[in-house]
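Visitor: let me see the structure of the following:
(2 chains)
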Amino acid sequence: MIDLKALQNDFDSIASKLQKKNVDSELLSALKEQALALKTQKAVLEKLQAEQNAKSKLFPQYQKEGKDIASLKAELAENKQAIAIEQDKARELEAALSDIALNVPNIPDSDVPAGLDEDDNIEIKKVLDIPTFSFTPKEHWDFEELDFIDFERGVKLSKSRFCVLKNDAARIERALINYMLDFNRARGFAEVSVPYIVNRDSLMATGQLPKFEDDLFKIEGEELFLIPTAEVPLTNLYRDEILKEEELPIMMTSFTACFRKEAGSAGRDTRGMIRQHQFGKVELVSITKPQDSDKIFQEMVACASDLLASLGLAHRQVLLCGGDLGFGAAKTIDLEVWLPGQNRYREISSVSNTRDFQARRALIRYKDGKKNVLVNTLNGSSLAVGRCLIAIIENYQKEDGTIAVPEVLKPYLS
RNA sequence: CGGGAGAUGGCAGAGCGGUUGAAUGCACUGGUCUUGAAAACCAGCGAGGGUCAUACCUCCGGGAGUUCGAAUCUCCCUCUCCCGGCCA
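Guide: Residues are numbered from 1 along each chain as shown, chains lettered A, B, ... in the order given. Below is the predicted model of the structure:
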């Protein structure tokens, strides 16, 4: 959630920043007006409440002194009605306010480029040269003879966009997970294992709800959902907590399966395992003081990028433009790995700084002296395991149709 | 899934329906003392809103109700713990 106080004081600057994310300034005016209306209404209500409280306290005294309490009683009964009416008004305003506020995306950082979609993203760095092949490299689904990925049976078990990994593909996946977790741990991220099912409050806090319920798998009959990313449980670990300054920064890494309905992606990447309803991902999440989050952000990008490089995978770093930025992100850098079969770069990791957007929703704060200050939360894929496997298959393929293995994974495959 | 107990401040743990945002202990912070530390003693110490700052309002799991007044009474929900069953 954006800072409503700041919105009232700094309307123009926030509105212009949010234009980069294509947020209608009328919506923001409405939000500002709602906030003001609520404040006004609360003043009315609180005045009545103060009166009620003060006069109620007179009763014991009156009784002791043997004064008449009947008229006081009647007066307060009347005031009580008035309070109920104003209370209802305040609640309505509150509901209307949070209806808007929870659906307004985060404010982009000032160095986020303007732009509509991914075509306007800015490449900021290339790492490793694109490999050359003496033959035409195949796409990752063209290795039937290796009995690696079974798409048909995945569909039989579940539905489309599920698949089964077998033999060396399954082993490499497991090796990758272990390798990534070890790599991240060496960079200072504490390993955590979390639930794959979370409640509504958790998804509200990280921003998947209320707006994106259609993208989530919900457990029937329960107010519980399959996680779309480990970012949700990891960040929510500290929901409603006030941290000590010396606990920060908190840096965590976790492997989980992730579940996404991908409701809006019909027709995209229907072939292969680029876009699945279930995929493995090793995630990084950090919780920092506001003044440290830029530094940690860079560390997280470097961690993911170095990890890819250590696997010998050519990739580039891309700074997302406003239009391509996610709902909760103030700034995002994507890592795109080179896929020789597709002859293009594809997203394999995404690191975002949400500033205090999630912290405000999740009420994660730390004690700065006497004051409680909202933390900054950051998240990033270390790497999407499935896509990483694809990248290895395509980049390490040999002319005879077999696959080599990245040097660093060998210890994990013995 | 069946039976029982409970939900209060960072933790532990009190709280006749009335000036209790809440005793007490621990933890924490500041001070005295000490060469330093410990101990002891003194003081402070929940959160949100609101205000220049006060006032003031809200919050004792969540919601509804009784009452002039509820942490305290009633109802519903949720969650936690213990016992039994089932189970990786």
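Visitor: leaving out the residues flanking it, which one is nearest to whichever residue of the stretch 101-250 of chain A sits closest to RNA strand B?
Guide: Closest contact between the stretch 101-250 of chain A and RNA strand B, by Cβ to the nearest atom of the strand, is at residue A:242 (6.3 Å). In this view, the C-beta of every residue, glycine as well, is placed from N, C-alpha and C. Once flanking residues are discounted, residue A:242 sits nearest to residue A:365: 5.0 Å by Cβ to Cβ, 6 or more residues apart in numbering.
Visitor: run through the bridge partners of that neighbour.
Guide: Per DSSP bridges, the residues bridged to residue A:365 are residue A:242, residue A:374.
Visitor: next: residue A:332.
Guide: Bridge pairing for residue A:332 - DSSP bridges - gives residue A:352.
Visitor: surely the residue of the stretch 101-250 of chain A closest to RNA strand B and residue A:368 touch.
Guide: No: applying Cβ atoms under 8 Å, one finds residue A:242 not in contact with residue A:368, separated by 10.5 Å.
Visitor: run a quick neighbour tally on the residue nearest to residue A:242.
Guide: Residue A:365: 19 surrounding residues under other Cβ atoms under 10 Å.
Visitor: do the same with residue A:23
Guide: Around residue A:23 there are 21 residues (other Cβ under 10 Å).
Visitor: please apply the same query to residue A:245.
Guide: Using other Cβ under 10 Å, residue A:245 has 11 neighbouring residues.
Visitor: before we move on, the earlier item: doesn't residue A:375 make contact with the residue nearest to residue A:242?
Guide: Yes: judged on Cβ under 8 Å, residue A:365 makes contact with residue A:375 at a distance of 6.4 Å.
Visitor: which residues do those two both contact?
Guide: A:243, A:359 (Cβ atoms under 8 Å, 6 or more residues apart in numbering).
Visitor: which parts of chain A sit against RNA strand B?
Guide: A:5, A:39, A:42, A:45-47, A:49-50, A:52-57, A:59-61, A:63, A:73, A:76-77, A:80, A:242, A:365, A:372 (Cβ under 7 Å from any atom of the strand).
Visitor: what's the helix or strand for residue A:297?
Guide: helix A:293-310 (DSSP states H and E).
Visitor: what's the mean pLDDT across that helix?
Guide: The pLDDT scores in helix A:293-310 average 97.
Visitor: following element in sequence after that helix, please.
Guide: Next element after helix A:293-310 (DSSP H and E): strand A:315-319.
Visitor: direction included, what does that next one pair against?
Guide: strand A:122-127 (antiparallel), strand A:331-339 (antiparallel).
Visitor: other residues contacting that strand?
Guide: Under Cβ under 8 Å, 6+ apart, the answer for strand A:315-319 is A:112-113, A:121-128, A:301, A:305, A:308-309, A:331-338, A:345, A:348.
Visitor: quick one: mean pLDDT over it.
Guide: Mean predicted confidence for strand A:315-319 is 97.
Visitor: same check on stretch A:188-208?
Guide: Rounded mean pLDDT across stretch A:188-208 is 92.
Visitor: before we move on, what about stretch A:360-368?
Guide: 89.
Visitor: also stretch A:120-138?
Guide: Per-residue scores along stretch A:120-138 average to 94.
Visitor: buried ones in it, by neighbour count?
Guide: Along stretch A:120-138, these residues count as buried under the neighbour rule (16 or more other Cβ atoms under 10 Å): A:121, A:127-128, A:137.
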